[in-house]
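1. here is my input, please return the structure:
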Amino acid sequence: MRIEKLIIYGFGKHQDRTIDVDPELSIFYGANEAGKTTIQQFIIQTLFGYPSRNQNLLRYEPKAGGKYGGQLHISDDEYGRVIIERVKGKSAGDVTVYFEDGRRGSDADLKMILRDYDRASFESIFSFSIHELQGLEQMTEEELSRTLLASGTTGVDAVTKLESRLEKEMAEVFKKAGRNPKVNQLIEELRQRESELKELRTRTELYEPAVNRLQEIAGRLEAIEAEEKGHAFRLKSVEKWLQAAPLAEKKAQLEQELEGLKVSAFPSDGKRRMDRLSDRLSEAEAKKEYAGKKLETLTSAGSERIQIEPLEQLLAKESEWLQLRSLLRQKKEERIKLGDEKNRILALIGMSEAEALQADVSLGQEELLLAHVRRVDLEEEEMQYQGRKLAEEKEKLVEAEKELRYFLASEPPEAERKTAEEWQAAAPKLAEAKAAKQMQAAGNSPALYYLLIGFGILGLAIGVIQPNYLVAGIGLLAAAGGAWLWWKRQKPAGLSDDYAKVLERYSGKEAEYGALVQKLDVFDRKLDALFEAVDTAKKRLAGLSGAPNSQPAKEAYEGFLEQLGFRAETSRSTVLKLFGNLREVHALHGRELRVTEEMDVLAQQQQNWISQASEVYGSPLGTEEMYANLRAEWNVRKQRLDEQAKQQEKAAELQKEHEQLTALYGQIQKEQQALLDEAGTASIEAFYRSCDEWERKEVLMRDLAPIEEQLKAIGNIPLSADMDKTQANDWLAESESALNQLKEDRNLLLAEQAEKRQMTKALLEDETYEDKLQQFEEKKVELAELAKRWSIDKAITEAIRQTMEELKEKKLPAVIAAAQNFFESLTSGAYPGLEMNPQGFFEAVRKNGMRFHIAELSQATKEQAYISLRLSLAVSMQESHPFPFIMDDPFVHFDRSRLQQMINLITELQQNHQFIYFTCHEAMQQAWPNASLIDIATIERSVQL
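-> As a prediction, the model looks like this:
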């Protein structure tokens with residue numbers, strides 16, 4: 001991932017700025033307070049979010065107001081070109097991610113692009129400054145080794161901090177031989193409290209005998225209480241009997257009187273209900289008679305029949321009437337327009353209406369006219385074509401004759417033609433002479449003879465060995481022939497004089513004579529072609545000149561125009577327009593006839609409408625004022641009809657009211673009879689007598705109810721039913737005497753009980769033992785919680801140590817191996833090795849093999865080791881986390897040699913990694929001449945918000 005551009009809307013002191021970033025190395029230069037750190041934080045916070053307000057980090061919100069946030073334009077091998085925009089919104093800001101394909105993303109897509117890295121992880125590897133390097137000087141050897149280890153492994157920094165914090169917390173909780181830790185103090189305190197509890201237990205030995213005596217006293221008191229309850233129950237029963245005796249006597253009298261009343265039931269609230277029903281019955285009867293008389297009066301009124309429906313139907317069709325009149329006016333206007341248009345077209349044609357209407361303008365005539373026009377056009381085109389063709393042929397004849405004259409001017413001389421003829425005759429002789437010369441040369445070579453002899457001997461040998469007599473015979477003949485030719489060989493005679501002359505004249509000049517012959521041949525062929533072209537042009541010209549000049553299509557066309565009534569000299573385009581106008585006259589005439597017929601129909605409809613309206617109105621009506629008179633008549637009839645409807649409605653209401661009153665009268669009679677039936681009486685007088693008896697019975701029942709309630713409250717009396725008042729008084733005296741004796745015994749026991757309780761109370765009031773025991777248990781619980789907490793922290797630290805060991809064994813060796821190469825390069829080979837010893841401390845190895853702990857190195861060498869591990873880890877994570885390096889002046893304390901080695905290493909790495917360097921030193925500009933320099937002071941405003 002490489003950053004290509006920064007667009008700052010508003011961040012710190014920077015506002016409306018656009019900065020292009022080099023994909024390999026960019027140096028941001030600026031004096032102090034120029035805003036370098038602001039730009040660095042803009043990059044980090046745009047990627048990972050703005051810090052919350054309760055964090056100890058700056059948010060860089062613009063002091064002067066304006067839009068807060070900006071954009072990062074990045075290119076990524078996996079996601080392509082992406083724009084990350086973060087503006088003010090929620091705590092971390094609102095993020096929008098713009099992809100190349102037009103998609104938009106949010107925080108989830110940004111996390112994918114950042115490979116789920118947070119700010120702390122990014123800054124622990126890809127971002128560091130001079131302050132981190134300066135902090136190495138104050139570290140112990142263990143802290144320094146941990147820092148270097150964290151630089152070489154992802155996430156170890158946070159893990160090591162957690163381990164240190166847990167070890168510190170564990171030391172505060174427990175140490176094996178310590179005194180101040182909490183667990184050690186609790187153990188000692190529990191020992192002291194246990195000895196104090198043993199002393200308090202011996203003081204409780206006097207408590208048990210007193211408690212036993214108290215239990216005996218309590219048992220005796222319970223027995224006395226039971227005896228008292230028995231005597232009290234007997235005493236209470238006698239008292240109940242004395243209370244219930246007069247009530248039972250009164251109850252018997254009331255029950256005897258109730259038996260004398262015969263009525264057994266009466267309707268609830270019957271008397272009042274009967275009185276009300278009688279009143280309602282009288283009232284309903286009076287209302288019914290009044291409504292009947294009033295209904296007779298309304299019914300006797302006149303029932304005149306008023307006709308309003310025909311008027312309403314006509315008024316509902318007023319829009320149709322207006323439409324009919326409007327349509328009639330339109331038809332009249334249309335007929336006038338059609339007549340004007342027809343006269344205009346007839347004036348254009350130059351015919352009378354009768355002549356125009358007699359003309360045939362059918363589609364067949366139009367097709368025939370178009371056919372004549374096409375034939376005339378074709379005939380004229382043919383004539384024009386013949387003329388153009390004749391002119392072209394004349395031009396071709398002139399050009400052919402001219403070309404022939406020019407070609408004859410370049411005719412080869414007669415000597416060349418003669419030389420070519422001689423060469424064509426001598427060419428066969430030259431070939432014979434060359435063949436004779438080659439045979440003469442071949443006769444002087446014995447190779448052929450030796451070859452024949454060799455093949456002959458070989459064939460003879462093969463034929464004898466196989467045996468194959470045919471092969472042996474052929475081989476023998478070949479060997480004999482070769483031997484004979486070798487024996488007869490002699491020097492051939494010399495060439496003849498003719499061959500010698502031919503060879504002398506033409507040998508070696510074959511190409512020259514061949515070119516001459518070819519040249520003459522080409523000339524002759526082209527000359528023949530030119531003569532042939534001239535003859536052909538003359539023949540075509542003669543054929544075109546003899547063609548006939550008659551125009552039958554034009555003559556037929558002019559005759560057709562005369563039939564239509566047009567002049568023969570009229571142009572064809574005008575004829576077509578006139579024919580169309582003539583057809584339009586026919587169409588207008590037809591439309592005029594149709595409109596006239598429609599007007600007649602509409603006029604008849606209008607007259608019928610007026611007749612119908614006059615009949616409904618009752619007198620003749622005119623066209624203009626017809627609907628005004630109809631509406632006035634409708635209003636009059638409507639008022640009369642409304643008055644009649646109101647009377648009918650009122651009569652209907654009275655009829656309904658009379659029916660309701662009649663029904664109510666019958667209903668009240670039914671309710672009155674139902675009430676008599678419920679009371680079991682036949683008349684109203686008997687009903688009222690039963691009511692008086694029932695009211696007396698209710699009084700007796702009310703008097704009896706409290707007596708029964710009192711007897712019920714007294715309850716059952718467990719005494720003999722035939723007991724009299726004297727016997728009851730004797731039992732009452734005996735029970736009171738027994739209760740007094742039991743009271744004296746109880747008082748004595750209570751006094752002894754108070755004495756024993758006073759003794760035990762003195763022992764119980766001392767709560768020291770319970771307090772000590774409670775405190776002892778609380779301390780045990782506190783000790784268990786601290787032990788649990790210490791065990792959890794111990795398990796976590798052990799897990800962290802095991803994780804660190806796995807990192808050292810698996811991932812760390814590859815990172816350290818790459819860091820060794822970087823460290824050796826940065827130290828110019830002075831330290832070829834950077835290793836971790838078995839104790840977990842980093843060591844630097846010099847060329848002579850001497851080892852140094854990191855804490856023993858100089859500050860600059862420590863920084864080189866730190867940077868080497870950082871760069872090594874980043875290189876190892878190139879595939880999974882390809883982030884750019886952001887550095888804030890980490891090399892300002894390097895000497896020239898170390899700085900140059902650092903520059904060389906970064907130059908080598910910038911092919912695959914992007915570096916963004918912030919500095920306030922001008923010397924860094926000169927040290928990196930090929931880097932992209934960005935002077936913060938000269939950045940122009942470019943973002944339009």
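
2. now do the strands in the stretch 751-900 of the chain.
-> 833-836, 842-845, 851-853, 885-888 (DSSP state E, counting those that start in this stretch).

3. residue 689: which of those is closest?
-> With Cβ to Cβ as the criterion, residue 689 lies closest to strand 885-888 of the strands of the stretch 751-900 of the chain, at 117.2 Å. Where you see a C-beta, it was placed from the backbone N, CA and C, and this is true even at glycine.

4. strand partners (parallel or antiparallel) of that closest one?
-> Using DSSP bridges, strand 885-888 pairs in its sheet with strand 127-129 (parallel), strand 915-919 (parallel).

5. need the winner for burial among those.
-> strand 915-919 (a mean of 22; mean count of other Cβ atoms under 10 Å).

6. okay, the closest residue in space to residue 831 that isn't next to it in sequence: pLDDT?
-> Once flanking residues are discounted, residue 831 sits nearest to residue 844: 4.7 Å by Cβ to Cβ, 6 or more residues apart in numbering. We have a pLDDT of 86 for residue 844.

7. let me see the contact set for residue 844.
-> Neighbour list for residue 844: 823, 831, 833-834, 851-852, 854, 857, 861, 865 [criterion: Cβ atoms under 8 Å, 6 or more residues apart in numbering].

8. so where is the stretch 151-300 of the chain shaky, pLDDT-wise?
-> 151-163, 166, 176-179, 200-207, 298-300 (pLDDT under 70).

9. okay, helices next: where are they in it?
-> 156-173, 182-201, 207-259, 270-299 (DSSP state H, counting those that start in this stretch).

10. mind putting these in TSV, mean neighbour count and distance to residue 43 included?
-> Output for those, formatted as TSV (neighbours: other Cβ atoms under 10 Å; distance: least, Cβ to Cβ, whole Å):
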stretch	mean neighbour count	distance to residue 43
helix 156-173	16	21
helix 182-201	13	47
helix 207-259	13	81
helix 270-299	14	98
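
11. CSV for the strands paired with strand 885-888, including mean pLDDT and distance to residue 59?
-> Below are the strands paired with strand 885-888 laid out as CSV (pLDDT from 0 to 100; distance: least, Cβ to Cβ, whole Å):
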stretch, mean pLDDT, distance to residue 59
strand 127-129, 76, 18
strand 915-919, 91, 20
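
12. which of the ones you listed sits closest to residue 658?
-> Among the strands paired with strand 885-888, strand 127-129 sits nearest to residue 658 (Cβ to Cβ), with 104.3 Å.

13. hmm, who's touching that closest one?
-> With Cβ under 8 Å, 6+ apart, strand 127-129 has contacts from 40, 44, 867, 870, 885-890.

14. let's see it at 10 Å
-> Applying Cβ atoms under 10 Å, 6 or more residues apart in numbering, the external contacts of strand 127-129 come out as 37, 40, 43-44, 119, 123, 151, 863, 866-867, 870, 883-890, 916, 918.

15. stretch 95-112 too?
-> 46-49, 69, 71, 73, 75, 78-87, 89-90, 92-94, 113, 117-118.

16. in strands, which of these appear?
-> Within those, residues falling in strands by DSSP state E are 69, 71, 73, 75, 80-87, 94.

17. tell me the pLDDT at residue 122?
-> 81.

18. redo the contacts of residue 844 as TSV? Include pLDDT and distance to residue 234.
-> Formatted as TSV, the contacts of residue 844 follow (pLDDT from 0 to 100; distance: Cβ to Cβ, whole Å):
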residue	pLDDT	distance to residue 234
823	81	113
831	86	116
833	84	114
834	82	110
851	86	112
852	85	112
854	76	106
857	83	111
861	83	114
865	82	109
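
19. related to what we said a few turns ago, what bridges to the residue nearest to residue 831?
-> The partner residues for residue 844, given DSSP bridges, come to residue 834, residue 852.

20. quick one: it from residue 188, how far?
-> To residue 188, residue 844 is 48 Å away according to Cβ to Cβ, to the nearest Å.

21. please apply the same query to residue 854.
-> Counting by Cβ to Cβ, the gap from residue 854 to residue 188 is 43 Å.

22. if we can go back for a sec, just the buried residues of the contacts of stretch 95-112.
-> 46-49, 69, 71, 73, 79, 82-87, 93, 113, 117 (16 or more other Cβ atoms under 10 Å).

23. show me how far stretch 222-235 is from its chain's centre.
-> In terms of Cα atoms, centre = their mean, to the nearest Å, the centre of stretch 222-235 is set 89 Å apart from its chain centre.

24. now residue 217, nearest residue through space, not along the chain?
-> residue 753 (4.6 Å).

25. so what's the residue count around that neighbour?
-> 18 (other Cβ atoms under 10 Å).

26. follow-up on the earlier one: okay if I get the contacts of residue 844 as a markdown table plus distance to residue 290 and neighbour count?
-> A markdown table is the format used below for the contacts of residue 844 (distance: Cβ to Cβ, whole Å; neighbours: other Cβ atoms under 10 Å):
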| residue | distance to residue 290 | neighbour count |
| --- | --- | --- |
| 823 | 126 | 26 |
| 831 | 132 | 23 |
| 833 | 131 | 15 |
| 834 | 126 | 26 |
| 851 | 134 | 12 |
| 852 | 133 | 14 |
| 854 | 125 | 21 |
| 857 | 129 | 20 |
| 861 | 129 | 19 |
| 865 | 124 | 25 |
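
27. out of those, which one sits closest to residue 517?
-> When the contacts of residue 844 are compared against residue 517 (criterion: Cβ to Cβ), the nearest one is residue 823, at 89.4 Å.

28. list the helices and strands the helix or strand containing residue 700 packs on?
-> Assigned by DSSP states H and E, residue 700 belongs to helix 684-714. Judged by 3 or more Cβ pairs under 10 Å, 6 or more residues apart in numbering; DSSP states H and E, the packing partners of helix 684-714 are helix 207-259, helix 270-299, helix 626-679.

29. which one of those helices lies nearest to residue 326?
-> helix 626-679 (14.0 Å).

30. counting by contacts, list what that closest one packs against.
-> With 3+ Cβ pairs under 10 Å, 6+ apart as the test, helix 626-679 has helix 270-299, helix 309-316, helix 318-349, helix 572-617, helix 684-714 packed against it.
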